[in-house]
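K.L.:
structural data only, the sequence is not supplied:
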């Protein structure tokens with residue numbers, strides 16, 4: 001069983017009063033929520049008090065993407081829904097998140113909001129002058145809910161949540177429908193036109209990376225686990241990957257750990273051999289991942305594991 005650190009009552013009440021006084025709060029779900037096994041508690045908390053949540057790379061799939069109050073990825077590699085919504089937030093409640101620069105946009109995204117951090121780490125909990133509740137996420141949320149319930153609290157912005165999610169879904173439909181051709185030019189100019197033409201010739205494919213991600217996402221089993229790292233792929237995945245089951249997303253990003261995909265995919269398959277697994281390679285395709293790939297191939301054969 002998990003050893004759960006209980007929150008200090010005074011700090012928890014201070015957090016509750018900040019929520020009660022706030023106009024438009026937002027939860028940010030980090031990787032600590034998965035260690036805390038807090039998915040159900042977060043879902044119940046958001047449902048009861050009508051509070052929206054966003055996800056970091058590490059926190060993604062703590063709660064499935066189809067949950068109404070889940071706005072998806074936030075930050076530099078986040079999506080339109082979460083990043084638009086947070087602009088109007090006066091309070092952000094971090095749950096087990098390190099608040100790295102990728103999440104905060106080098107602090108800019110959260111510059112106008114007060115911050116509560118529920119985190120076991122003093123170092124991360126005190127970032128950005130946050131009110132730090134040092135506690136296990138699941139336990140702290142359950143106790144925080146009891147206090148808010150006594151005050152008959154609930155937030156009401158379902159229309160605002162629906163609006164930003166609709167805008168994001170429209171944007172996903174637009175960019176996943178793009179196919180490479182001589183008539184289509186990259187929205188961000190680059191010097192890879194020759195390489196793109198060579199890729200099309202070699203693969204006989206006109207798919208963009210975002211279109212390919214969407215197709216894979218739709219075709220693999222809902223319970224499958226996605227593993228990836230490095231390059232542009234983790235950005236697209238945090239933005240647009242639809243987590244159809246809990247704890248189904250394992251992506252490293254921010255430290256360019258090329259080759260992580262190989263060891264992580266092997267470890268994930270050993271941990272859950274019956275679960276389908278999709279191993280995505282980003283920048284690592286051209287360097288570290290493929291340089292170490294033959295080791296992984298041998299190990300997978302030794303263990304009799306199947307990874308796509």
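P.N.:
Here it is on my side, so go on. Quick caveat, the model's predicted, so the values are computed rather than measured.

K.L.:
in this structure, which ranges drop under the pLDDT threshold?
P.N.:
Within the chain, the stretches falling below the threshold (pLDDT under 70) are 182-186, 188, 190-192, 254-259, 281-308.

K.L.:
does residue 117 count as helix, strand or coil?
P.N.:
Here residue 117 is strand, with the state taken from DSSP: H, G, I helix; E, B strand; the rest coil.

K.L.:
ok, it to residue 83 distance?
P.N.:
In this structure, residue 117 and residue 83 are separated by 20 Å, where distance is defined by C-beta to C-beta, to the nearest Å. For glycine as for every other residue, the C-beta is placed from the backbone atoms N, C-alpha and C.

K.L.:
which of these two has more neighbours?
P.N.:
For residue 117 against residue 83, the residue with the higher neighbour count under other C-beta atoms under 10 Å is residue 117, and the figures read 28 against 21.

K.L.:
correct me, but the more buried one touches residue 132?
P.N.:
Yes: Residue 117 sits in contact with residue 132 when judged by C-beta atoms under 8 Å, with a separation of 5.2 Å.

K.L.:
for the helix or strand where residue 210 lies, name the packing helices and strands.
P.N.:
According to DSSP states H and E, residue 210 maps onto helix 209-219. In terms of contacts (3 or more C-beta pairs under 8 Å, 6 or more residues apart in numbering; DSSP states H and E), helix 209-219 is packed against helix 158-176, helix 233-240.

K.L.:
beyond that helix, next helix or strand please.
P.N.:
Stepping forward along the backbone from helix 209-219, the first helix or strand reached (DSSP H and E) is strand 225-229.

K.L.:
picking that back up, what sits in contact with each of residue 117 and residue 132?
P.N.:
Each of 125-126 lies in contact with both residue 117 and residue 132 under the rule C-beta atoms under 8 Å, 6 or more residues apart in numbering.

K.L.:
how about the nearest residue to residue 27, chain neighbours excluded?
P.N.:
In space, not counting the residues next to it along the chain, residue 27 is nearest to residue 53; the distance is 4.0 Å by C-beta to C-beta, 6 or more residues apart in numbering.

K.L.:
against residue 14, how distant is that neighbour?
P.N.:
Taking C-beta to C-beta as the criterion, residue 53 is separated from residue 14 by 21 Å.

K.L.:
please apply the same query to residue 278.
P.N.:
Using C-beta to C-beta, one obtains 43 Å as the distance from residue 278 to residue 14.

K.L.:
out of the two, which sits in the busier spot?
P.N.:
For residue 278 against residue 14, the residue with the higher neighbour count under other C-beta under 10 Å is residue 278, and the figures read 19 against 13.

K.L.:
assign that one to helix, strand or coil.
P.N.:
Recorded secondary structure, residue 278: strand (three-state DSSP).

K.L.:
looking at this, residue 98 is in a strand?
P.N.:
No: note on residue 98: no strand contains this position according to three-state DSSP, which reports coil.

K.L.:
so it sits against residue 30, correct?
P.N.:
Yes: in this structure, residue 98 sits in contact with residue 30. The criterion is C-beta under 8 Å, and the distance is 6.5 Å.

K.L.:
can you pull the contacts of residue 171?
P.N.:
Contacts of residue 171 were listed using C-beta under 8 Å, 6+ apart, and they are residue 80.

K.L.:
which residues in the chain form strands?
P.N.:
Read by DSSP state E, the chain holds these strands, from start to end of the chain: 25-29, 53-55, 70-73, 91-95, 114-118, 131-133, 225-229, 249-252, 277-279.

K.L.:
hmm, who's touching the last one?
P.N.:
Spelled out, that is strand 277-279. Under the contact criterion C-beta under 8 Å, 6+ apart, strand 277-279 has outside partners 216, 220, 224-228, 261-262, 265, 268-269, 307-308.

K.L.:
one step back: so which of the strands of the chain comes closest to residue 103?
P.N.:
When the strands of the chain are ranked by distance to residue 103, counting by C-beta to C-beta, first place goes to strand 25-29 at 6.9 Å.

K.L.:
what is the closest one packed up against?
P.N.:
Using 3+ C-beta pairs under 8 Å, 6+ apart as the contact test, the elements touching strand 25-29 are helix 39-49, strand 53-55, strand 91-95.
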